[in-house]
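Colleague: I'll drop the sequence and a predicted model, then ask my questions.
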Amino acid sequence: MGKEFLKLTSVNDLIDIIENKIELNLEDSVERLPLLDTTNRVLAEKIKAEEDLPPYSRSAVDGYAVMAEDTFGASPENPAYLKVAGEIEIGEQPEQSLNPGTAIYIPTGAELPAEADSCLMIEDTEKFGSQIEVMNSVSAGENIIKKGDDIKEGQLLLDRGTCLSSAEVGALAGLGHSQVNVFTMPEIAIISSGDELVPPGEKREGSSIYDINSYLLGSLFKEWGLKPSLKGIVNDNKAELKARIEASLDADLIVISGGSSVGVKDYTIEVINRIAEPGVLLHGLAVKPGKPTILGLLNGTPIIGLPGNPSSAWVVAAIVIPAIINRMRGLPIEPRAEFFKNSITAELLEPISSTPGRQEYFPVKLDGNRKASPLYGKSNLITTLVDSDGLIVIPPGSEGLARGSQVQVVPYPPAKGLIFKEQDIDG
Ligand SMILES: Nc1nc2c(c(=O)[nH]1)N[C@H]1C(S)=C(S)[C@@H](COP(=O)(O)OP(=O)(O)OC[C@H]3O[C@@H](n4cnc5c(N)ncnc54)[C@H](O)[C@@H]3O)O[C@H]1N2
Ligand code: MOO
């Protein structure tokens, strides 16, 4: 009797659905921004070095440009002596060449004369008139940075799809870019559904609760460089939900939290199917938390029904939304490399039993010694998220993890999303 979940869709099948059904429509949504404004945005072009960085070989110390051979064997007991033949100014090309048996004074960062292969640190020398006493030897290449050591001309520095943080912004500046092309921030409409919900700031009475999800999800989207657009709370009423979704269709993606399960007032499925084609693509995902998840398409606009429980909504948003946005931008959707690159290996302090057949995302708290304590909190508690530092991803074939296991913890916020193929988690 009644409504029930369609067959639960595996994460591998979800990836196929996203790849095959979601249209590429944000590939050309690009803007050119001043460098500083690109922080936390996604690069929409490949950046290759047009010249070597540094563009010339330079000194890494304040001291003397020399030929290493002239210093061999030098020690405080048996110093070498070199004639000081001149001085190089920072920011200027060396005017004179270096001859054997001589040294040229050079500040940190100044261009080396072509004949120099190393630099002596000033504290390893003593100046006497036009000579220096050399108390230490240097080998070829010591205390210098060679032309192109940082990045070679023609080398790919950053690929399309890279999220720009301070390190990348600094590297772009190093290559002389004052502006770059980044993807525009897609607008994500957020609707919270439920008769019990009251907006924070208003007076709460009786059996109502404050709307967490609009803000929890909106803030998560901001962390990803997306543009949340809060569409408010709708009551458990089909006509109201339909009107609110229709009024949100100008967004790039629509998210509804709550009402995605099979309760008598969970109308989301029916409403999505009534608005436009093809409607609901899947109802029920083989993940935990987040079984009651909906993915649909309304004339090309993706719509996602997230479970109402806040922690579940947050996890499922991280599974589904970055993958969909990447697909719409024509970027790879599964962050496999980032999973292994950014996860923290830790020792599990307590065993975890998991539900076979569902990919499980288990919150853990990390201590300072890479030990992970599972948080058995319920997914409708927001403090489950506040008190944990990251998630362990348990593949659907697993029945759990033993105490003492080495686990990979994906730290918060999950920068590239949480969609992982089964075989990748095992790997
Ligand atoms: N017969 C079944 N019942 C349920 C199942 C199931 O498999 N079979 N799954 C459970 C799971 S797991 C979840 S999660 C919930 C999801 O249900 P809905 O998506 O329909 O969510 P609601 O019932 O509307 O809400 C669940 C819970 O979360 C609170 N909530 C909702 N929205 C917000 C919000 N914006 N801010 C704060 N809290 C919110 C709501 O008050 C409920 O307490 O279904 C289970 N049932
Ligand atoms: O799967 Mo529900 O989404 O656990 O809380």
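Modeller: Great, that's in hand. Ligands and ions are numbered 1, 2, ... in the order given.

Colleague: contacts, neighbours, all on C-alpha from now
Modeller: Noted.

Colleague: Isn't Leu385 up against Asn309?
Modeller: No. Using CA atoms under 8 Å, Leu385 makes no contact with Asn309, being 11.6 Å away.

Colleague: Name the residue in these two with the higher neighbour count.
Modeller: It is Leu385, of Leu385 and Asn309, that has more neighbours when counted by other CA atoms under 10 Å, with 22 against 19.

Colleague: could you check whether stretch 307-318 is close to ligand 2?
Modeller: Yes. Using CA under 6 Å from any ligand atom, stretch 307-318 comes into contact with ligand 2 via Pro307, Asn309, Ser312.

Colleague: remind me which residues of the stretch 1-150 of the chain are low pLDDT?
Modeller: Residues of the stretch 1-150 of the chain meeting the criterion pLDDT under 70: 1-6.

Colleague: mind checking how far Leu401 is from Leu418?
Modeller: 19 Å (CA to CA, to the nearest Å).

Colleague: To clarify, my last question referred to Gly63.
Modeller: For Gly63, the distance to Leu418 - CA to CA - is 51 Å.

Colleague: can you list the domain ranges for the protein.
Modeller: The chain breaks down by automatic domain parsing into domains covering 11-29+185-328, 33-52+158-182, 58-145, 337-411.

Colleague: Figure out which of those is closest to ligand 1.
Modeller: Proximity to ligand 1 (CA to the nearest ligand atom) singles out domain 11-29+185-328 among the domains of the chain, at 3.3 Å.

Colleague: Next secondary structure after the longest helix that the chain contains?
Modeller: Counting residues, the longest helix found in the chain (DSSP state H) is helix 310-329. Downstream of helix 310-329, the first helix or strand assigned by DSSP states H and E is helix 336-342.

Colleague: Show me what counts as buried in the following helix or strand past that next one.
Modeller: Counting by DSSP H and E, the element after helix 336-342 in chain order, helix or strand, is strand 344-348. Within strand 344-348, the residues that count as buried by 16 or more other CA atoms under 10 Å are Ile344, Ala346, Glu347, Leu348.

Colleague: So for strand 344-348, mean pLDDT?
Modeller: In this model, strand 344-348 has an average pLDDT of 96.

Colleague: Each with direction, which strands does it pair with?
Modeller: strand 371-374 (parallel), strand 406-411 (antiparallel) (DSSP bridges).

Colleague: what does it rub up against?
Modeller: Under the contact criterion CA atoms under 8 Å, 6 or more residues apart in numbering, strand 344-348 has outside partners 366, 370-374, 402-411.

Colleague: Now rank those residues by neighbours and give me the top one.
Modeller: Ala372 (30 neighbours).

Colleague: where along the stretch 101-250 of the chain do the helices fall?
Modeller: 166-174, 213-223, 238-246 (DSSP state H, counting those that start in this stretch).

Colleague: Would you tell me whether the second one gets close to ligand 2?
Modeller: No. Helix 213-223 stays clear of ligand 2 (CA under 6 Å from any ligand atom), getting no nearer than 12.9 Å.

Colleague: and that helix, what does it pack onto?
Modeller: strand 187-193, strand 227-234, helix 310-329 (3 or more CA pairs under 8 Å, 6 or more residues apart in numbering; DSSP states H and E).

Colleague: quick one: average confidence on it?
Modeller: The average pLDDT for helix 213-223 rounds to 96.

Colleague: what do you get for stretch 191-206?
Modeller: 96.

Colleague: which other residues reach that stretch?
Modeller: The contact list for stretch 191-206 (CA under 8 Å, 6+ apart) reads 207-211, 213-214, 230-236, 241, 244, 254-259.
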